[in-house]
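Here you go, sequence then predicted model.
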Amino acid sequence: MEFGMFHEFPSMPGRGETEMFDEAMAQVDAAERWGLDVMWLAEIHFAPERTYLSSPLAIASAIAARTKRMKIGIAVQVLPLCHPLRLAEEAATVDQISEGRLIFGVGRSGVVGTYDAYQVPYDESRERFAEIFEIVKRAWSEKRFSYQGKFHSFDNVACVPHPYRNKLPPIRIAASTPDTFPAIGGQGYPVFASVRHVAWPDLAPQIRSYYDAYKAAGHPGRGQVYVSAPIYLAETEEQAAIRADRRFGAALRPAGLHRSCRTAAHADLCRCAARQCAGRHAAIGWREAAPAAGGDRLRRDPRRTQLRRPHSA
């Protein structure tokens, strides 16, 4: 079991950027002291009402310099928006500074507006992802290499640095649509899943399809699934339910989401996001006296959520 914190370096009304960066870094320091396994960093662009975390590798480098134990995860680097050689260099640099603590999470993102701003056609995102992913892996594992692709071509380039001790960092690939789960399983990589845009019950068959594809491809073991879910804690059950609905309802329906619905798949995603409720897409908990432990603990509410590993459902 892995316990970590997913950080967006959020913006808050009435508070400046510098203040919020200071507070976020203080939380990182606290996570290191409290023994969390990993600090996960988002990549979110052009959303000042929500976050300042648009450059996760830069933040990862800062975290690497101020921590010694905790792993640093990217969740996720949006590959189609990156230049592959620059990305390979910067990610490997973080892995060197952290002495091998980088977890390299990658994905495509479904925010079409970000692609528009970067002037990268979203329709090309699958092909660009595959091409950039391959280039990064070769840049990390070969002293020199050449590559001829649809979007990028290189001749006899030597990318440095390589990852720490010439060992590729752990790679995880994000899946947000049903077809991507078996595709990732077939490649043998661990998968990121989320309940932000699909409810717990609907996630289970998608995860099973990942396991089936992983096994069919002949990879060793069972494969690895990591699920991120919003969690809200409050003083009472009533407060937890009400505040979670308000907090996560807004988070799951970000401003401008419907403007991104340009295909049938995106329209389905928008409709799904519009009808989400905290109980099916988040875990909630409240304070409960625990005399034996002398502290607080998280109590499960089976009517609202299932705090268990979805693939065992």
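Sure, I can see it. Keep in mind the model is a prediction, meaning the values are calculated, not measured.

how far away is residue 214 from residue 179?
Relative to residue 179, residue 214 is positioned 15 Å away (C-beta to C-beta, to the nearest Å). In short, each C-beta sits where N, CA and C put it, glycine included.

between these two, who's got more neighbours?
Applying other C-beta atoms under 10 Å to residue 214 and residue 179 shows that residue 214 carries more neighbours, namely 26 against 10.

What residues does that one make contact with?
Each residue near residue 214 by C-beta atoms under 8 Å, 6 or more residues apart in numbering is listed here: 185-186, 188, 222-223.

Mind telling me the two of those residues farthest from one another?
Greatest spacing in these, by C-beta to C-beta: 186 and 222 (14.3 Å).

Look at the two and report which has more neighbours.
Higher neighbour count among residue 186 and residue 222: residue 186, with 16 against 11, using other C-beta under 10 Å.

Next, count neighbours for residue 117.
Neighbours around residue 117, by other C-beta under 10 Å: 12.

same deal with the one 10 residues further on?
By the criterion of other C-beta under 10 Å, residue 127 has 13 neighbours.

what's the pLDDT at the residue nearest to it when sequence neighbours are not counted?
Nearest residue to residue 127 in three dimensions, chain neighbours excluded: residue 150, at 6.3 Å (C-beta to C-beta, 6 or more residues apart in numbering). Here the pLDDT value assigned to residue 150 is 98.

Looking at the contacts of residue 214, which are in strands?
Among the contacts of residue 214, the subset assigned to strands under DSSP state E is empty.

which of these lies closest to residue 40?
residue 223 (19.9 Å).

So what does the residue nearest to the closest one when sequence neighbours are not counted look like in phi/psi?
The shortest distance from residue 223 to any non-neighbouring residue, by C-beta to C-beta, 6+ apart, is to residue 214 (3.8 Å). Residue 214 has phi and psi values of phi -60, psi -50 when expressed as degrees, to the nearest 10.

quick revisit: what kind of secondary structure is the residue nearest to residue 127 in?
coil (DSSP: H, G, I helix; E, B strand; the rest coil).

centre of the chain versus the helix or strand where residue 57 lies, how much separation?
Residue 57 belongs to helix 56-66 when assigned by DSSP states H and E. Relative to the mean C-alpha coordinate of its chain, helix 56-66 is positioned 16 Å out (C-alpha atoms, centre = their mean, to the nearest Å).

what comes up buried for that helix?
By 16 or more other C-beta atoms under 10 Å, the buried positions in helix 56-66 come out as 56-57, 59-64.

go on, stretch 129-146?
129, 131-133, 135-136, 138-140.

contacting residues around it?
79-80, 82, 84-85, 87-89, 91-92, 106-108, 147, 149-152, 154-159, 162-163, 168.

now with 7 Å?
Outside stretch 129-146, the residues that touch it by C-beta atoms under 7 Å, 6 or more residues apart in numbering are 79-80, 82, 84-85, 87-88, 92, 106, 108, 147, 149-152, 154-159, 162-163, 168.

Out of these, list just those in helices.
Taking DSSP state H as the definition of helices, the contacts of stretch 129-146 contribute 84-85, 87-88, 92.

excluding its backbone neighbours, what's nearest residue 229?
residue 195 (4.7 Å).

doesn't residue 206 make contact with the one you found?
No - judged on C-beta atoms under 7 Å, residue 195 makes no contact with residue 206 at a distance of 11.0 Å.

any idea how far residue 136 is from residue 63?
21 Å.
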